[in-house]
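S.K.: The following block contains a protein sequence and its predicted model.
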Amino acid sequence: MGWWSERVVPRLTHATLNNPEVARYRERVCADLSGDVLELGFGTGLNLPHLPAAVRSLIAVEPSHLAWEMASYAVGDSPVEVTRGDLRAERISLPDASVDAVLVTFSLCTVQDPARALSEAARVLRPGGALHFLEHGRSPDERVRRWQQRAEPLQRAMVAGCHLTRSAPELVEAAGFRLGTVDSWYVPGPGLSKPWGYLSLGRAERPLT
C-alpha cells in the first residue's frame, strides 16, 4: 500500500460514507444482528452506532491502520466490545463456526479475492448464522454499466482497488450462501452519480454443509 492508499483513501472513504442518507442504510443492514459479529472491512467504525443491543461483541477485520486509529472514538463510545482482528478478509484466524453473524458494508468492492473472503465468512459462521451486506456495484442498466466499465480503471487506481462492476448478490450466491430478499436502488442524486450509487442490501444464510 502506498502513501495515497494509506493516508488519503481512508479519509476520503470516511468523508464520502459518513452522511445521514448512508446512515439510514447502515441501520437497516445492522437491524437483525445479534451475538458475536465479525465485520469485514470495519473502516472507521461507522456501523457501530447502528448495532442493536443484542450484539455482544464485534471483531473488526480492517487492513488500514489509519482507519482503525480514526475509529478510536467510535470504539470508545460503543457499548459493544470491539476488538481488531485480522488485516485481510481472505484469511481469518478464527475457528470454524465461531461467530453468529458476519457484516460487510462497502468492502466487497475492494477486497482482492471476494470469493475467498466469502468462503472464510461461511467457514466462521455458526449454524443458523447469516451474512448481512450493504454494497455498491454493477448496475442492471446497460447505459450505466458502460459508464461503470469506463470509470473502473480510474476508480481502482484512486480508491485502493475499488471495483464498480462487481455484483455483491451474485458473489454471495456464488459462495454458496442462501440468498434472501435483496433490495437494490440508486442513491438519490444527479444522474452522473449513478455509476457509483447503485446499492444492494441483503441477508444470506450460512451455506449448508
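M.R.: Received the coordinates, thanks.

S.K.: By residue count, what's the longest helix in the chain?
M.R.: helix 142-158 (DSSP state H).

S.K.: Just the CA atoms of that helix, as PDB, please.
M.R.: Coordinates of the C-alpha atoms in helix 142-158 are reproduced here as PDB (Å, rounded to 0.1, in the frame of the first residue of the first chain):
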ATOM      1  CA  GLU A 142     -26.800  -1.100 -19.700                       C
ATOM      2  CA  ARG A 143     -26.000   2.600 -20.100                       C
ATOM      3  CA  VAL A 144     -24.900   2.900 -16.500                       C
ATOM      4  CA  ARG A 145     -22.900  -0.300 -16.800                       C
ATOM      5  CA  ARG A 146     -21.000   1.100 -19.800                       C
ATOM      6  CA  TRP A 147     -20.000   4.100 -17.700                       C
ATOM      7  CA  GLN A 148     -19.000   1.900 -14.800                       C
ATOM      8  CA  GLN A 149     -16.700  -0.100 -17.100                       C
ATOM      9  CA  ARG A 150     -15.100   3.100 -18.400                       C
ATOM     10  CA  ALA A 151     -14.600   4.600 -15.000                       C
ATOM     11  CA  GLU A 152     -13.500   1.400 -13.200                       C
ATOM     12  CA  PRO A 153      -9.700   1.600 -14.100                       C
ATOM     13  CA  LEU A 154      -9.500   5.100 -12.600                       C
ATOM     14  CA  GLN A 155     -11.700   4.100  -9.700                       C
ATOM     15  CA  ARG A 156      -9.400   1.200  -8.800                       C
ATOM     16  CA  ALA A 157      -6.300   3.400  -9.100                       C
ATOM     17  CA  MET A 158      -7.800   6.200  -7.000                       C
END
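
S.K.: contact partners of whatever helix or strand comes next after it?
M.R.: The helix or strand immediately downstream of helix 142-158 is helix 168-174, counting by DSSP states H and E. Under the contact criterion Cβ atoms under 8 Å, 6 or more residues apart in numbering, helix 168-174 has outside partners 108-109, 114-115, 118, 131, 133, 135, 137, 179, 182, 184, 200, 202, 204. (C-beta placed from N, C-alpha, C; glycine too.)

S.K.: Now restrict those residues to buried residues only.
M.R.: Among the contacts of helix 168-174, those buried by neighbour count (16 or more other Cβ atoms under 10 Å) are 108-109, 114, 118, 131, 133, 135, 137, 179, 184, 200, 202, 204.

S.K.: Tell me the one among those nearest to residue 2.
M.R.: Of all the buried ones among the contacts of helix 168-174, residue 109 has the smallest distance to residue 2: 19.1 Å, by Cβ to Cβ.

S.K.: Neighbours of the closest residue to residue 125 other than its chain neighbours, how many?
M.R.: Using Cβ to Cβ, 6 or more residues apart in numbering and skipping the chain neighbours, the partner closest in space to residue 125 is residue 206 (4.3 Å). Other residues near residue 206 come to 22 when the count uses other Cβ atoms under 10 Å.
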